[in-house]
Each structure stands twice: as C-alpha cells, then as structure tokens.
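Trainee: sequence plus the predicted model coming up.
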Amino acid sequence: MAFEACPYCLADVRVTWWDHFVGLATQCRQCGAYSGPPWSLRRMVTVLFASLLVNGLVIFLVARPARALVLLIFYVGSVAGLIAASSASQSDGLFFTALVAVILGPMCISAVEYYWHAKYLADAPIVASRWAASQSSLDQLPDSSDKATAFVQPAPQFLGTADMERLRNEIEIAIFHHTDRLAFLAAFSYFVASLCAGVALLENNWVSLSCSFILSGLAYSAKTHESRVFALLYVALAAGIFANAVRNSVLGVDDGSSWQIAFAIFVLGLGTTATTVALARLRRIRRRIPLKPAEHLRD
C-alpha cells in the first residue's frame, strides 16, 4: 500500500497495489474527488473480449476485489436462478435467457463499471471546486479557538453563498429520498420474511422459520441504524438461503423452500446494502458543508 498526492488538494491518497495494477480511480478523503488513469476505448474492447474467455472472472479487472466478489455472486446467482426456473417450468425461453446471461452478463457488468469509472473522473473537478469553495468560506470566519462555535450562532452573510446552499439542499433532499427508500426496503423485507415464515410453519421447517426472524431483525437494524454491517450480514444470509433453495430445486429435494422468495430476499438485501452505502457517503459529504440545515427541509 502506498500514498499519492491528490491532484486537486495535494492530500495523501491511499493507493493499493490492486489500484495500480488495474488502474482504478481512488477517492481523496479530504476533498472527495476521484483521481486515477482514464480508461481508453481499447481497454474496454479488450475487457469485453476477455469476458468471452474467462467469463465472470473478468469483473476482477474492472473493480476492487470486494466489489468484484459481490458482483460475481450476483451474476452467478442470477444465472443459477434462471437455470433453475427453466428446469422447473420446462421453458425454453428461460433456458435461452440463461445462456444469453452467461455470455453477456460479464460484458454488461464491465460496461457499467467502465461508465462509473469515467463518471467519477469527470465529476472530480466539480467535487474539488465545491470543496475549495467550502474551505474558502471557512477561512473567512473570525479567528477563534473553536470555529465550530461560530455555526451555533446566526450565520454571517458571507456563509450563505448560492452554490453552497444549492449543494446543501440537493444533498439533504438526496438523504431524505435514500432514507425513505431504506424504510421501504425494510418494510418489503418484513413482508417477504413473513411469507417465508408462513411457508416454513406449514412445512414444519424450523430452520427456515428462524432464518426469517433473523432476516427481519437484520433488516430492522440496517434501517434503524443505517448500518452497512447489518446490511452486509443481510446479504450474506440471503445469499446462503438463495443458494440452498436453488440447490434443492436442482436436486429435486422438496423441503418447502421457494427459490423465488429466496431470490426476492437476496435482491432486497442488495438494495438495502447499496442504499446504506449511498446514505453513508451522502452524510459524509453533508458534514463537510459548513451550513445549518435548510429551513424548508427540516423535519
């Protein structure tokens, strides 16, 4: 692991050997801007061609190991679900859809990662300029031992710049929508977990019943605390339930488990994780803006 200077604020940015090897964009902890080598069209074509040879492993060439592993699990789970559905329904359409997903799935995932890499680098100057504007506003504060005390009192006129107010409002609106989405995902998770619990009671499957209660608890904790840890535990347990349901469906074992419900739980877990991660990032950015909450956006 090494440190390189951010091209926008000159702060130290942690860069791993994998970032160097793959050429990934890294985010500065101080200004929030991304920096890294741009990906050329030739690289994109090479990655897409490599996906025909190594299939899902090509994802590790466009993402960090942890993110690549999550995307690979999602890809394998989707293909396995399509194959299981085609076997259960004897549908040729689902079978050919699974074949197309096997071939084009890694290509699509790599293309999405290529897009996000380009977007991060394109937005970096805007993010850095907003950070610089906030820092210049901080520098204009009167000298005191604790600048945070100045924000407890009525804000001076020079703090209410239009750009900073607009950025604050956009972030607070985004936080509100993500919080609302997290609550919806949690409520939907309770509903699906209750369906799973009902099926487990009818089949006297006490293990599935226990898993349903655990899933509800993890969804509640992830929503209440906006916790990425509980959301990841949710995804891990949902992935295990989905893999077990697919295995039983392929082997013809009738234990009362439904791979459709298990897949719905897995998708809800991924959505909950993505939302908590986005919320944490939005709240981190909001703390950097030295303005009070907007009057018309307060709870």
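Mentor: Yep, that arrived. Numbering: from 1, shown residues only.
Trainee: helices along the stretch 151-299 of the chain, start to end?
Mentor: With helices called from DSSP state H, counting those that start in this stretch, the stretch 151-299 of the chain shows them at 162-202, 206-225, 228-251, 259-287.
Trainee: select, out of the ones you listed, the one closest to R64.
Mentor: helix 259-287 (13.4 Å; Cβ to Cβ). In short, each C-beta sits where N, CA and C put it, glycine included.
Trainee: which elements pack onto that closest one?
Mentor: Secondary-structure packing of helix 259-287 (3 or more Cβ pairs under 8 Å, 6 or more residues apart in numbering; DSSP states H and E): helix 65-89, helix 162-202, helix 206-225, helix 228-251.
Trainee: okay, angle between the longest helix seen in the chain and helix 65-89 too, please.
Mentor: Taking DSSP state H as the criterion, the chain has its longest helix at helix 92-139. Our comparison of helix 92-139 with helix 65-89, counting by axes from the mean of the first three to the mean of the last three Cα atoms, to 10 degrees, yields an angle of 150 degrees.
Trainee: for helix 92-139, name the packing helices and strands.
Mentor: So helix 92-139, by 3+ Cβ pairs under 8 Å, 6+ apart, packs with strand 34-35, helix 41-54, helix 65-89, helix 162-202.
Trainee: low-confidence ranges, this structure, go.
Mentor: 1, 136-162, 252-258, 295-299 (pLDDT under 70).
Trainee: ok, P125 touching C31?
Mentor: No: using Cβ atoms under 8 Å, P125 is not in contact with C31; the gap is 10.5 Å.
Trainee: more neighbours: which of these two?
Mentor: Each of P125 and C31 has its neighbours counted (other Cβ atoms under 10 Å); C31 has more, 25 against 12.
Trainee: list the contacts of that one.
Mentor: For C31, the contact set (Cβ atoms under 8 Å, 6 or more residues apart in numbering) comprises 6, 8-9, 11, 127-128, 131-132.
Trainee: ok, so of these, who is nearest S189?
Mentor: V127 (32.9 Å).
Trainee: neighbours of that closest one, how many?
Mentor: 18.
Trainee: show the contacting residues for it.
Mentor: 31-34 are the contacts of V127 under Cβ under 8 Å, 6+ apart.
Trainee: for these, which one is nearest E170?
Mentor: For those, the nearest to E170 is G32 (14.5 Å; Cβ to Cβ).
Trainee: show me how to select, in ChimeraX, the buried members of the contacts of V127.
Mentor: To isolate the buried members of those in ChimeraX, using 16 or more other Cβ atoms under 10 Å:
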select :31,32,33,34
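Trainee: let's have the contacts of V127 in CSV, adding distance to S40.
Mentor: Formatted as CSV, these follow (distance: Cβ to Cβ, whole Å):
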residue, distance to S40
C31, 26
G32, 25
A33, 21
Y34, 17
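Trainee: buried set for stretch 226-244?
Mentor: 226-228, 230-235, 237-239, 241-244.
Trainee: can you check stretch 114-124 too?
Mentor: In stretch 114-124, counting by 16+ other Cβ under 10 Å, buried: 114, 117, 120-121, 124.
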